[in-house]
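Q: Sequence and predicted model, in that order:
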Amino acid sequence: MNDQIVAADPAVLAGLDNYLKLPAAQQPNWPDANAVAEVRAELAKMPPLVFAGEVDILRDRLAAAAAGKAFLLQGGDCAETFADATADRIRNRVKTLLQMAVVLTYGASLPVVKMGRMAGQFAKPRSSDTETRGDVTLPAFRGDIVNGYDFTEEARVPDPQRMLKAYHTSASTLNLIRAFTQGGFADLRSVHEWNRGFANNPANERYLSLAQEIDRAIKFMAACGADFNELRTTEFYTSHEGLLMDYERPLTRIDSRTGNPYITSGHFIWIGERTRQMDHAHVDYLSRVRNPIGVKLGPTTQVEDIVELIERLDPNREPGRLTFITRMGAGKIRDELPKLVEAVRDSDANPLWITDPMHGNGITTKNGYKSRRFDDVMDEVRGFFEVHKAAGTFPGGVHVELTGDDVAECLGGSEQIDEASLEERYESLCDPRLNHMQSLELAFLVAEQLAKR
Ligand SMILES: O=C[C@H](O)[C@H](O)COP(=O)(O)O
Ligand SMILES: C=C(OP(=O)(O)O)C(=O)O
């Protein structure tokens, strides 16, 4: 075994700071540059949150998904908050993702790569730099990592100390995730336990009957002498939008095994729809790190855009390196996605395609809430499967904003959430999430679509 420490090539290190010469969209206007520099220096000394070896394993898993041999389930809050990083809420989200993964694995007979929009999803891009309520206009809320949600002048001032709080909150969230997924809680023989504590509803009942089938199968196999110790733990990866350069740069580390740079704030980092300009900071920066990278693609994306993104982000056509996360909207996916999928299919690139059925389906309700219709979400998922079926390509995953809690933020679902319910159970500080039951319903739909293939 070679245990020599490999230093970074000076050109690689210099390249990491190339982004400083480029425009970077969606960054806060910090009031005090010195205070930012101090926080960056402190972050640069903190231990990595994730490790290069884990990131490499994830790349292999995503390569399997791109090749049609696995399916990616990526989900979590729109905007994580410091206040909600409690054991109960984190456990509910992990349980929801584990339940969804079981539904998918069992329904589709495919391994599921589990990934949270968790332990780092604190920064938000916004449509407008400001928010106006009545005759007061203040800077927009850009996520707990930047400023406070309260609509006061004081709260909305960007505060770099929040980046340290985001780091520590991510560390404690990750600690819990590791405990839940490595400590026996995620054991497939506990498939029933993950349901405990959630309200009884039709999706849960469907889940319970599936859990009974799994139980019977496990007991049968155990009686035949199978060893289920492998099922005690499960891999679980973290991801977030790589938006805030003052956070991501100091948490980028050189892997001592290879000398390569890795962002260590999360395993998988994506570039948002608002920051994927080819000549801007985000594409440049993420082209230089070894993590698997996602890019959100909205309905205006052209073939030339993805050809260039592939060249910039995956010049070596490395399996698992690049994931396209399409978020076209239910009304557009069947028209806008085929040309992109077909162009890539006919090239030498092999990215993973996944659907985000949330971000193209935003509406504002009559009573003033940002929401999404569950029917639109389901329809975009169906459209995604249809397009890939027609093109002969693999629909490799879903990316959803969800919570394990019993909120009312998206309209519809079998609980028939209406506009009035939003007034009682709307908790998101940014975009609406699927609640626990809607998440399970979505998982059943995806499993059916996968099984049909
Ligand atoms: O989560 C995504 C974006 O941050 C969000 O949709 C932007 O919302 P806004 O249009 O309210 O700024
Ligand atoms: C901002 C997001 O999405 P998009 O870039 O697709 O708008 C998000 O996923 O939080």
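A: Done, it's in. Residues are numbered from 1 along each chain as shown. Ligands and ions are numbered 1, 2, ... in the order given.
Q: for the nearest residue to G294 once chain neighbours are set aside, helix, strand, or coil?
A: Nearest residue to G294 in three dimensions, chain neighbours excluded: W270, at 3.2 Å (C-beta to C-beta, 6 or more residues apart in numbering). Bear in mind the C-beta positions are built from the backbone N, C-alpha and C, glycine included. At W270 the chain is in strand, as set by DSSP: H, G, I helix; E, B strand; the rest coil.
Q: Surely W270 and E241 touch.
A: Yes. Look at W270 against E241 with C-beta atoms under 8 Å: they come within range, at 5.5 Å.
Q: what about S439, neighbour count?
A: Neighbours of S439 under the rule other C-beta atoms under 10 Å: 24.
Q: same check, this time on the one 4 residues further on
A: Neighbour count of A443, defined by other C-beta under 10 Å: 29.
Q: Spell out which helix or strand contains it, please.
A: According to DSSP states H and E, A443 maps onto helix 436-452.
Q: CA atoms only: put that helix into CSV for me.
A: Provided in CSV are the C-alpha atoms of helix 436-452 (Å, rounded to 0.1, in the frame of the first residue of the first chain):
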residue,chain,number,x,y,z
HIS,A,436,-44.0,12.7,4.7
MET,A,437,-47.1,11.3,3.1
GLN,A,438,-46.7,13.0,-0.3
SER,A,439,-43.1,11.8,-0.3
LEU,A,440,-44.2,8.2,0.1
GLU,A,441,-46.8,8.6,-2.6
LEU,A,442,-44.2,10.0,-4.9
ALA,A,443,-41.9,7.0,-4.2
PHE,A,444,-44.7,4.6,-5.0
LEU,A,445,-45.3,6.4,-8.4
VAL,A,446,-41.5,6.3,-9.2
ALA,A,447,-41.3,2.6,-8.2
GLU,A,448,-44.2,1.8,-10.6
GLN,A,449,-42.6,3.8,-13.4
LEU,A,450,-39.3,2.0,-12.9
ALA,A,451,-41.0,-1.4,-12.6
LYS,A,452,-42.8,-0.8,-15.9
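Q: Just list what that helix packs against, helices and strands only.
A: Here helix 436-452 is seen to pack against strand 71-76, helix 87-108, helix 202-223, helix 374-391, strand 397-401 when contacts are counted using 3 or more C-beta pairs under 8 Å, 6 or more residues apart in numbering; DSSP states H and E.
Q: Using TSV, lay out those together with distance to M118 and mean neighbour count.
A: Formatted as TSV, the helices and strands packed on helix 436-452 follow (distance: least, C-beta to C-beta, whole Å; neighbours: other C-beta atoms under 10 Å):
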stretch	distance to M118	mean neighbour count
strand 71-76	4	26
helix 87-108	7	22
helix 202-223	21	14
helix 374-391	20	20
strand 397-401	12	26
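Q: The residue nearest to G294: what's it in contact with?
A: Counting by C-beta atoms under 8 Å, 6 or more residues apart in numbering, W270 touches 239-242, 293-296, 323, 325.
Q: Would you mind checking which of those is nearest to ligand 1?
A: Nearest to ligand 1 among the contacts of W270 is E241, at 8.3 Å by C-beta to the nearest ligand atom.
Q: ok so, going back, measure how the helix holding A443 sits relative to helix 374-391, angle-wise.
A: 20 degrees (axes from the mean of the first three to the mean of the last three C-alpha atoms, to 10 degrees).
Q: Any regions of the stretch 151-300 of the chain where pLDDT drops low?
A: Residues of the stretch 151-300 of the chain meeting the criterion pLDDT under 70: none.
Q: Enumerate the residues of it near ligand 2.
A: Within the stretch 151-300 of the chain, the positions lying close to ligand 2 (C-beta under 6 Å from any ligand atom) are 241, 272-274, 296.
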